[in-house]
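>>> Test case, fold it:
(one chain, ligands or ions: 2)
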Amino acid sequence: MKNAPSTAEALIDGLMAYGVDTVFGIPGVHTLQLYDAMARAKIRHVGIRHEQAGVFMADGYARATGKPGVACLITGPGLLNAATAIGQAYSDSVPVLVLTTLNPMDGGGLSRGRLHEIGDQRATVVPITRLARTVHAPEEVDEALAACFRHLTVERPRPIVLQVPLDVAERRGGLGARSRRPASRPHPAPEQIAEAAALIAAAQRPVAVFGGGCVDAADAARAFVEKTGAIAFTTIAGKGVLPQDHPNHAGSILTFEGAHALLSQADLLIAIGTELAENDIWADRLEIPGKIIRVDLDPDQLDRDFPAEIAILADAGATMIALAAALQVERGAPVQRIQALRAAHRDAALPLERKHGKVLAALRAALPPDGIVFSDMTMIAYSGNSRYPTDHPRTWFHPAGFGTLGYALPAAIGAKLARPDTPIVALIGDGGIQFTLAELGTAREQNLPLPILLWNNRALGQIALGMRQRKIEELAVYPFTPDFAAIAQAYGCRHVRPHSGASLTAALQEATRANGPTIVEVAEDDGWLEMPA
Ligand SMILES: Cc1ncc(C[n+]2csc(CCOP(=O)(O)OP(=O)(O)O)c2C)c(N)n1
Ligand SMILES: [Mg+2]
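Ligands and ions are numbered 1, 2, ... in the order given. As a prediction, the model looks like this:
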């Protein structure tokens, strides 16, 4: 047994065998064994300021690469600090693996008042994970990691918590983990493809919706939709699955009333890799009287809210390829209806959305086609969800499901560490940035050329608006706003305040090449935003 790896070593070596190259975390006395193993294995460890941000970084890493993001946290407060970010990854289907510990088995769960002790830690994360598993012995590591990576890569991606008691972490035994090739995702049954193709061919007014489940199947989505004659929408998570101006593409405008009208007139809806959830559609009640074909990796999605005529439990890409091959005809897009819808959405922009539009246009101009934006829960991001144009998936991210403030800054940091050569921007409000501001320290330490585009309206603007609309008191929506230039300076970061669209574009571009992060601040009442376009 002397040469056998400890559980901690087997876990870290095993992660590396599965291709993990980066771990986000903060060490504690309850992760010393894991940190020892990480140092020996020479895996890249990124020190964070707060565990919630660490898991947001793992999330950003995962969204930007498609590979699982990994964090290592202490038991108790470390894991609970991260719970919100784990919940975010759960609701947005992001593959994140959180490795954590437990007090020794002898006292586990018995409330002995030990440091960091929490009774039933696993229970705290069950509702926000696909799998929450305890490793009880070094011999279990191989199978435990195989299960984790199967869930992370084959199933609908969702976070996992793997916890190891401290005495088990130290114990030696077993042969360690060897990576296994994960099984492939399920392919659709030929009969279902034939049935679905017949429905599509018979439809007069088909509509397609591509969600986050399609981000790795953009080519298949395009080839498929070109045969259907469908008007296609992309959800926020599916943004970029179709190029912005593709003839079939109405845009990421499912929240727009004009889109709702179209859905209610469609005789067939083909919904692929999407929950068709409240925050995809943003309508109290949406009637979809037509027939529905749903394609999803997650059986629970196949008949939720909108019952499907044909429910296909399979990989989105494989299904779209099979459907495209089965469709005998090729019907042109209803271009005029799509153009009219796009124009109606454009014209419906409110004055504030027009201001957002100027900033978003400057941002778009600053980034290459594959440049990436991580956006936060701020009004300008809500505009961007539908109005920021992109031709590629995995280039616009938003914490759509859970809707957590403070997401964008750490997520962009995680993504930038994964893809140093790709320009990446965090787009965040004055309220949101204060949730995870301390991660400026992480970005500085890592010398990340990261522009942080700060939309400053000195308010919790969206909530203030909601209060005004309800005619209730605007309570607690104008918190003290700090001096962001001084904050940037304190963290050794740059700060700029451009005063035109062109100077904003130039400042963002310069910041993508700088040695360290830059806060690029735009205030809602800046004069250049008031000028007519
Ligand atoms: C963790 C968390 N707490 C509270 C909220 C509720 N909330 C949503 S948007 C918002 C306002 C955010 O203000 P800011 O970041 O300045 O963006 P703005 O709406 O002003 O553009 C609040 C408080 C939330 N989404 N997440
Ligand atoms: Mg604000």
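>>> Report the spatially closest residue to the residue in the stretch 251-400 of the chain that ligand 2 sits nearest to, excluding sequence-adjacent ones.
Using Cβ to the ion, the closest approach of the stretch 251-400 of the chain to ligand 2 is made by T378 at 6.1 Å. All C-beta spots, glycine's among them, are computed from the backbone N, C-alpha and C. Take T378 and drop its neighbours on the chain: the residue closest to it by Cβ to Cβ, 6 or more residues apart in numbering is G429, 3.1 Å away.
>>> so N385 touches K239, yeah?
Yes. Judged on Cβ atoms under 8 Å, N385 makes contact with K239 at a distance of 7.5 Å.
>>> quick one: common contacting residues for these two?
252, 396 (Cβ atoms under 8 Å, 6 or more residues apart in numbering).
>>> of the two, who's got more company?
Counted by other Cβ atoms under 10 Å, N385 and K239 do not tie: K239 has more neighbours, with 30 against 21.
>>> That one: what secondary structure?
In three-state terms, and counting by DSSP: H, G, I helix; E, B strand; the rest coil, K239 is coil.
>>> could you list every residue that touches it?
So K239 contacts 252, 385, 390, 393, 395-396 (Cβ under 8 Å, 6+ apart).
>>> farthest pair in those residues?
N385 and P393 (14.4 Å; Cβ to Cβ).
>>> and which of the contacts of K239 is nearest to ligand 1?
Of all the contacts of K239, ligand 1 sits closest to N385, with 12.8 Å by Cβ to the nearest ligand atom.
>>> Would you quantify the distance from the closest residue to that closest one other than its chain neighbours to ligand 2?
Of all residues not flanking N385 in the chain, I236 sits nearest, at 4.9 Å (Cβ to Cβ, 6+ apart). Here I236 is placed at a distance of 20 Å from ligand 2 (Cβ to the ion, to the nearest Å).
>>> so I236 sits right up against I281, yeah?
No. At 10.6 Å, I236 and I281 do not qualify as touching, with contact defined as Cβ under 8 Å.
>>> Using neighbour counts, pick out the buried residues of the worst-scoring helix or strand of the chain on mean pLDDT.
Across the helices and strands of the chain, mean pLDDT, DSSP states H and E gives its lowest value to helix 278-281, namely a mean of 87. By neighbour count with 16 or more other Cβ atoms under 10 Å, helix 278-281 contains the buried residues 279-281.
>>> do the same with stretch 489-499
In stretch 489-499, counting by 16+ other Cβ under 10 Å, buried: 491, 493-498.
>>> Now tabulate the residues you listed in JSON lines and tack on distance to P451, pLDDT and secondary structure.
Shown next, in JSON lines, are the buried residues of stretch 489-499 (distance: Cβ to Cβ, whole Å; pLDDT from 0 to 100; DSSP: H, G, I helix; E, B strand; the rest coil):
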{"residue": "Y491", "distance to P451": "15", "pLDDT": "98", "secondary structure": "coil"}
{"residue": "C493", "distance to P451": "11", "pLDDT": "98", "secondary structure": "coil"}
{"residue": "R494", "distance to P451": "9", "pLDDT": "98", "secondary structure": "strand"}
{"residue": "H495", "distance to P451": "11", "pLDDT": "98", "secondary structure": "strand"}
{"residue": "V496", "distance to P451": "9", "pLDDT": "98", "secondary structure": "strand"}
{"residue": "R497", "distance to P451": "13", "pLDDT": "98", "secondary structure": "coil"}
{"residue": "P498", "distance to P451": "11", "pLDDT": "98", "secondary structure": "coil"}
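>>> of those, closest to ligand 2?
Minimum distance to ligand 2 across those is 16.1 Å, recorded for R497 (Cβ to the ion).
>>> Enumerate the residues of this structure near ligand 2.
Taking Cβ under 5 Å from the ion as the contact definition, the chain meets ligand 2 at 429-431, 457, 459, 461.
>>> Out of those residues, which sit inside helices?
Among the residues of the chain next to ligand 2, the members found in helices (DSSP state H) are G461.
>>> nearest to W528, of the residues of the chain next to ligand 2?
Among the residues of the chain next to ligand 2, N457 lies closest to W528 (Cβ to Cβ), at 15.3 Å.
>>> you'd agree the closest one is up against L465?
No. Here N457 lies out of contact with L465, judged by Cβ under 8 Å, at a distance of 10.2 Å.
>>> Tell me the buried residues in the helix or strand where A201 lies?
Using DSSP states H and E, A201 sits within helix 190-202. Going by neighbour count (16+ other Cβ under 10 Å), the buried part of helix 190-202 is 192-193, 195-197, 199-201.
>>> Can you add distance to A218 and pLDDT and give these back as TSV?
Shown next, in TSV, are these (distance: Cβ to Cβ, whole Å; pLDDT from 0 to 100):
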residue	distance to A218	pLDDT
Q192	23	98
I193	20	98
E195	25	98
A196	20	98
A197	21	98
L199	24	97
I200	20	98
A201	24	97
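>>> Nearest residue to A177 in space, please, no chain neighbours.
Once flanking residues are discounted, A177 sits nearest to G14: 3.0 Å by Cβ to Cβ, 6+ apart.
>>> before we move on, what about A53?
Spatial nearest neighbour of A53, excluding adjacent residues (Cβ to Cβ, 6+ apart): P410 at 3.8 Å.
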